[in-house]
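Q: Below are the sequence and a predicted model; questions follow.
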Amino acid sequence: MTIKKICCIGAGYVGGPTCSVIAYKCPSIQVTVVDISKERIAQWNSDKLPIFEPGLEDIVKECRGRNLHFSADVDTGIRDADLIIISVNTPTKMYGLGKGRAADLKYIEACARRIAEVAQKSKIVVEKSTVPVKAAESITDILKANVKPGVKYQVLSNPEFLAEGTAIKDLLEPDRVLIGGEQSVEGHEAVKALSCVYQNWVPKEKIITMNTWSSELSKLAANAFLAQKISSINAMSAVCEATGADVNEVAHAVGTDSRIGNKFLKASVGFGGSCFQKDVLNLVYLCECLNLHEVAVYWQQVITINEYQRRRFSNRIIECLFNTVTNKKIAIFGFAFKKDTGDTRESAAIYVSKYLMEEGANIRIYDPKVEKDQIISEMTHPNMCEDKERVSELLTVCEDPYVAAAGTHALVICTEWDEFVTLDYKKIYDSMLKPAFVFDGRLILNHQELIDLGFHVETIGKRLNRGIVYRPASST
Ligand SMILES: NC(=O)C1=CN([C@@H]2O[C@H](COP(=O)(O)OP(=O)(O)OC[C@H]3O[C@@H](n4cnc5c(N)ncnc54)[C@H](O)[C@@H]3O)[C@@H](O)[C@H]2O)C=CC1
Ligand SMILES: O=C(O)[C@H]1O[C@H](OP(=O)(O)OP(=O)(O)OC[C@H]2O[C@@H](n3ccc(=O)[nH]c3=O)[C@H](O)[C@@H]2O)[C@H](O)[C@@H](O)[C@@H]1O
């Protein structure tokens, strides 16, 4: 079977970039990305794309209108396609059975029901969203229970491994593409058809095929291993601070062992993003449902350490600021969950800001890519705050880092944006209240330079405390 038309349901961080790259690399395939959100589709069709991702705009501009289309007409997209990619959100369930841990599959189910309702010819349905093991079976059950005469479905698992901020590079040069399918002749044919799409730019040896359940579990396992690596180094950072060891040196020593590898060993204020926490919790819930208590407890600890790290860092800020931040002004540099993205989902900055505001601090947030409305919506989300008015009293969003820092007691780095490294810290120091504190939650700044300027510097996994040196602005 040759794929000529692809429809992707879900024009989000995954659906948008993934299908843009498919359209870019496969000019003979017509790719339509559909979404129930008319607003999101309008943004994809505009000059200001709904997501910031280096390299994305150029690809969209080249392909849009040629073989890449964004449409709010979900039914037509489904009806015309040979292959449908489901790329809708699978957030953690916030109610009912499995609340706070299980993945909410209601959007996936809605897609399956819509496909069954409108499809008039056979289709390959590709599960790209991250799901618990056996979700493909549920999709198959829904499709088969509502099948029309002459229509056949094959459901494949094809999880996505892109990381935000590097999505286009990850999609153009993936470490691997994973395709799981039914172990039958029809299943193998469907796997082959999807594999042929990828072979337009991905070397064949990088396309790994396996059974559906292995593929679904591999995605959860990959994210759990990555998150576990960060929690491991963050746990070590606490030991470093208590002993005088330096977490960067420890990470370097550990990471040069090729069996361990040097990636994902950067200690931080804690991992954020829409997926690590959600997917590890999803795995924990799966293990609990399978009666694998010890395994569930093991993976839960990855989340516990992450929460501990965010709390530990925030507590250190309070302790250093003479055990009270009430009415103090604190600048937060960076609100995105990592650099090169405007995404703020589960960002550590949200938690640090929340903890400090709970203590009565005035928070001044600056992020080069996150809009004011987005920051306010995160900080006033019902899960985050009980008193919206209090938040608006204590929170200021600034469009300039120097304005954000001026007149504050402390500066807190929450995101590793490159521009934070090259700011004029002399100018910042001069504009701050003294003693002026810097809390580097990303280990990106030149600490010695800051200390020489007169700052009191605190960071993760390293003791820099030389006592508080007060230097009036004029003497530096
Ligand atoms: N964000 C990331 O970096 C990665 C995400 N994933 C997984 O990919 C999936 C999608 O994630 P994101 O793209 O970040 O989500 P997102 O929230 O950015 O986008 C999902 C889109 O699906 C749309 N949608 C929901 N139900 C729909 C329906 N019934 N019909 C049409 N459209 C519908 C929503 O309106 C939304 O625009 C999730 O399962 C996630 O775990 C996997 C790898 C990376
Ligand atoms: O399933 C997903 O959604 C994706 O989740 C992550 O991608 P992403 O969350 O976009 O970004 P990462 O680069 O993994 O960073 C996640 C968080 O960990 C933090 N991090 C990362 C690496 C590190 O060494 N230390 C560290 O604190 C980052 O700052 C960020 O807050 C995975 O890297 C992707 O492979 C996966 O596809």
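A: Sure, I can see it. Numbers count the residues shown, from 1 in each chain. Ligands and ions are numbered 1, 2, ... in the order given.

Q: care to break the protein down by domain?
A: The chain breaks down into these domains under automatic domain parsing: 5-219, 230-476.

Q: Name the helix or strand of this structure that has the lowest mean pLDDT.
A: Ranked by mean pLDDT, DSSP states H and E, the weakest helix or strand in the chain is helix 388-394, scoring a mean of 90.

Q: can stretch 99-110 be found next to ligand 2?
A: No: Stretch 99-110 does not reach ligand 2 (C-beta under 6 Å from any ligand atom); its nearest approach is 12.0 Å. Backbone N, C-alpha and C define where each C-beta goes, glycine included.

Q: quick revisit: make CSV from the domains of the chain and add mean neighbour count to it.
A: Converted to CSV, the domains of the chain look like this (neighbours: other C-beta atoms under 10 Å):
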stretch, mean neighbour count
domain 5-219, 19
domain 230-476, 19
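
Q: how about those in TSV, adding distance to ligand 1?
A: What follows is the domains of the chain, written out as TSV (distance: least, C-beta to the nearest ligand atom, whole Å):
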stretch	distance to ligand 1
domain 5-219	2
domain 230-476	5
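
Q: returning to what we had before: Provide the contact partners of the least confident helix or strand of the chain at residue level.
A: Where contact means C-beta atoms under 8 Å, 6 or more residues apart in numbering, the residues beyond helix 388-394 that reach it are 357, 360-363, 376, 379-380, 385.

Q: Now intersect those with the helices, please.
A: When those are checked against helices (DSSP state H), the matches are 357, 376, 379.

Q: Pipe those into JSON lines and attach distance to residue 343 per row.
A: Output for these, formatted as JSON lines (distance: C-beta to C-beta, whole Å):
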{"residue": "357", "distance to residue 343": "22"}
{"residue": "376", "distance to residue 343": "16"}
{"residue": "379", "distance to residue 343": "16"}
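
Q: How about the contacts made by the residue in the stretch 1-150 of the chain that ligand 2 sits nearest to?
A: Here the residue of the stretch 1-150 of the chain nearest ligand 2 is residue 130; by C-beta to the nearest ligand atom that distance is 5.6 Å. Contacts for residue 130 (C-beta under 8 Å, 6+ apart) come out as 90, 103, 159-160, 219-220, 223, 275, 278-279, 282.

Q: Just give me the closest of these to residue 45.
A: residue 160 (22.9 Å; C-beta to C-beta).

Q: What confidence value was assigned to residue 340?
A: Predicted confidence (pLDDT) for residue 340: 93.

Q: Next up, the contacts around it.
A: 52-54, 164-166, 369.

Q: can you rerun that using 10 Å?
A: Taking C-beta atoms under 10 Å, 6 or more residues apart in numbering, we find residue 340 in contact with 52-54, 163-167, 368-369, 415-418.

Q: cool, and residue 78?
A: Residue 78 neighbours (C-beta under 10 Å, 6+ apart): 7, 9, 32, 34, 84, 111, 114-120, 123, 125.

Q: Give me the mean pLDDT for stretch 127-138.
A: 95.

Q: How far does that stretch sit from its chain's centre?
A: Distance, stretch centre to chain centre, for stretch 127-138: 19 Å (C-alpha atoms, centre = their mean, to the nearest Å).

Q: Can you show me the CA trace of that stretch as PDB?
A: Extracted C-alpha coordinates of stretch 127-138, given in PDB (Å, rounded to 0.1, in the frame of the first residue of the first chain):
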ATOM      1  CA  GLU A 127      -1.000   6.200  17.500                       C
ATOM      2  CA  LYS A 128       1.600   8.900  17.900                       C
ATOM      3  CA  SER A 129       0.400  10.300  21.200                       C
ATOM      4  CA  THR A 130       2.100   8.800  24.300                       C
ATOM      5  CA  VAL A 131      -0.300   6.200  25.800                       C
ATOM      6  CA  PRO A 132      -0.300   3.400  28.300                       C
ATOM      7  CA  VAL A 133       0.400  -0.100  27.100                       C
ATOM      8  CA  LYS A 134      -2.600  -1.600  25.300                       C
ATOM      9  CA  ALA A 135      -4.200   1.700  24.300                       C
ATOM     10  CA  ALA A 136      -3.900   0.500  20.600                       C
ATOM     11  CA  GLU A 137      -6.100  -2.400  21.600                       C
ATOM     12  CA  SER A 138      -8.800   0.000  22.800                       C
END
